[in-house]
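*Asks:* heads up, no residue letters with this:
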């Protein structure tokens, strides 16, 4: 085989290779797939965070109503009773979403004589750690009460450059608040 014939044969093979479309779809998918799946998982995780946040808001509003109407005070609920019987009873949506005992769900209830006295502190330290609240004061008739609930939501899609965590350990602190004046019970 002459040198000219081998060069012509090589050129024709290269032309055929360039014109061939077989496998191009697989290569294109391999290039696009990681970005597509990263975006898909980020969207799903963001939706889950929003859903969990909305559930926490709903649970906070419904639980706060027990305090506002004096039912929690009349029942003599201590903080743990309030959490297990009102906020997170077995079978509730909160117990399904936040765990059967809602172990990582924190409740802060503070009462004030007027709205001007209300102070709300952040529960995230300078080192991005969660500082659990310690207050539990249901107040009496006519008192201003602020009910806050906190949950540390674990995030999974943080390695792709999309990180919505605000706590160390790839967690997002979900917070829900209800402020109201107790009824004259």
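*Replies:* Thanks, I have it. Predicted model, so just to flag it, every value in this text is computed and none were measured.

*Asks:* from now on I want contacts and neighbour counts done on CA atoms only, so please keep to that.
*Replies:* Fine.

*Asks:* and the helix-or-strand element of the chain with minimal mean pLDDT, what's buried?
*Replies:* None of the helices or strands of the chain scores lower by mean pLDDT, DSSP states H and E than helix 3-19, at a mean of 73. By neighbour count with 16 or more other C-alpha atoms under 10 Å, helix 3-19 contains no buried residues.

*Asks:* which stretches in this structure count as helices?
*Replies:* Ranges of helices within the chain are 3-19, 24-68, 71-75, 79-81, 93-98, based on DSSP state H.

*Asks:* tabulate those helices (JSON lines), appending distance to residue 136.
*Replies:* Compiled in JSON lines, the helices of the chain are given as follows (distance: least, C-alpha to C-alpha, whole Å):
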{"stretch": "helix 3-19", "distance to residue 136": "73"}
{"stretch": "helix 24-68", "distance to residue 136": "11"}
{"stretch": "helix 71-75", "distance to residue 136": "12"}
{"stretch": "helix 79-81", "distance to residue 136": "6"}
{"stretch": "helix 93-98", "distance to residue 136": "20"}
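
*Asks:* of those helices, flag the one that's most buried.
*Replies:* Of all these, helix 93-98 has the most neighbours on average by mean count of other C-alpha atoms under 10 Å, namely a mean of 17.

*Asks:* who are the packing partners of it?
*Replies:* Applying 3 or more C-alpha pairs under 8 Å, 6 or more residues apart in numbering; DSSP states H and E, we find helix 93-98 packed against helix 24-68.

*Asks:* by contact count, what packs against the helix it packs on?
*Replies:* In terms of contacts (3+ C-alpha pairs under 8 Å, 6+ apart), helix 24-68 is packed against helix 93-98, strand 144-154, strand 171-181.

*Asks:* now it against strand 171-181, angle please.
*Replies:* Between helix 24-68 and strand 171-181, the angle comes out at 30 degrees (axes from the mean of the first three to the mean of the last three C-alpha atoms, to 10 degrees).

*Asks:* begin at 25 from now on, thanks
*Replies:* In the new numbering, first residue 25, that becomes helix 48-92.

*Asks:* skipping adjacent residues, who's closest to the residue most central in space within the chain in space?
*Replies:* By C-alpha atoms, centre = their mean, the chain has its centre lying nearest to residue 73, at 3.3 Å. What sits nearest to residue 73 in space, not counting adjacent residues and going by C-alpha to C-alpha, 6 or more residues apart in numbering, is residue 177, at 7.6 Å.

*Asks:* enumerate every residue touching that neighbour.
*Replies:* 73, 195-198 (C-alpha atoms under 8 Å, 6 or more residues apart in numbering).
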